[in-house]
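K.L.:
how would this look folded up:
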Amino acid sequence: KARYVHANYRFVVSPEGSYATQAVDADEHLQWGDVLQILASAESQATSCPICLSEPVAPRMAKCGHIFCLPCLIRFMSASDDDAKNNRGARWKKCPICEDS
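P.N.:
Below you'll find the model as predicted:
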């Protein structure tokens, strides 16, 4: 899945990072923390949120490459489940489409 994301999207990366290995080998993956913005081509990428099936509002991309509306992600993340009720710290969930973490 990471190969798909790296092959199909363009990235705006932090200017503080060192990208010498990526300059030599384009197949070398970027560190996700260095990515500031992801650019997706409107022509080649589907533009519908898989949760609400509408055009994404304030789109956000999961590490697996699925694009969601920010409001849909917030609702998904805040949906109660038994494991998270007792945990008040930072939470994460797997992608609702492919269950990649």
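
K.L.:
Which residue lies nearest the spatial centre of the protein?
P.N.:
A62 (2.1 Å; CA atoms, centre = their mean).

K.L.:
since we're on P15, how many residues are nearby?
P.N.:
The number of residues packed near P15 is 7, by other CB atoms under 10 Å. Glycine gets a C-beta too; all of them are placed from N, C-alpha and C.

K.L.:
With G65 instead?
P.N.:
Residues within reach of G65, counting by other CB under 10 Å, total 22.

K.L.:
Residues in a beta bridge with the residue nearest to P59 when sequence neighbours are not counted, which ones?
P.N.:
Spatially, and ignoring its direct neighbours in sequence, P59 is nearest to I67 (5.2 Å; CB to CB, 6 or more residues apart in numbering). Partner residues in beta bridges with I67, using DSSP bridges, are M61.

K.L.:
How about the contacts made by I67?
P.N.:
Listed by CB atoms under 8 Å, 6 or more residues apart in numbering, the contact set of I67 reads 40, 45, 47, 49, 56, 59-61.

K.L.:
now R3
P.N.:
Under the criterion of CB under 8 Å, 6+ apart, the neighbours of R3 are D27.

K.L.:
Looking at the chain, which helix is longest?
P.N.:
When the chain is parsed with DSSP state H, its longest helix is helix 70-78.

K.L.:
Adding distance to Q22, neighbour count and pLDDT, write the contacts of I67 out as CSV.
P.N.:
Output for the contacts of I67, formatted as CSV (distance: CB to CB, whole Å; neighbours: other CB atoms under 10 Å; pLDDT from 0 to 100):
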residue, distance to Q22, neighbour count, pLDDT
A40, 19, 17, 77
Q45, 22, 11, 60
T47, 27, 12, 74
C49, 30, 21, 91
P56, 27, 20, 88
P59, 24, 16, 88
R60, 23, 15, 87
M61, 19, 16, 85
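
K.L.:
Same list (those) but as a markdown table, adding secondary structure.
P.N.:
Formatted as a markdown table, those follow (DSSP: H, G, I helix; E, B strand; the rest coil):
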| residue | secondary structure |
| --- | --- |
| A40 | coil |
| Q45 | coil |
| T47 | coil |
| C49 | coil |
| P56 | coil |
| P59 | coil |
| R60 | strand |
| M61 | strand |
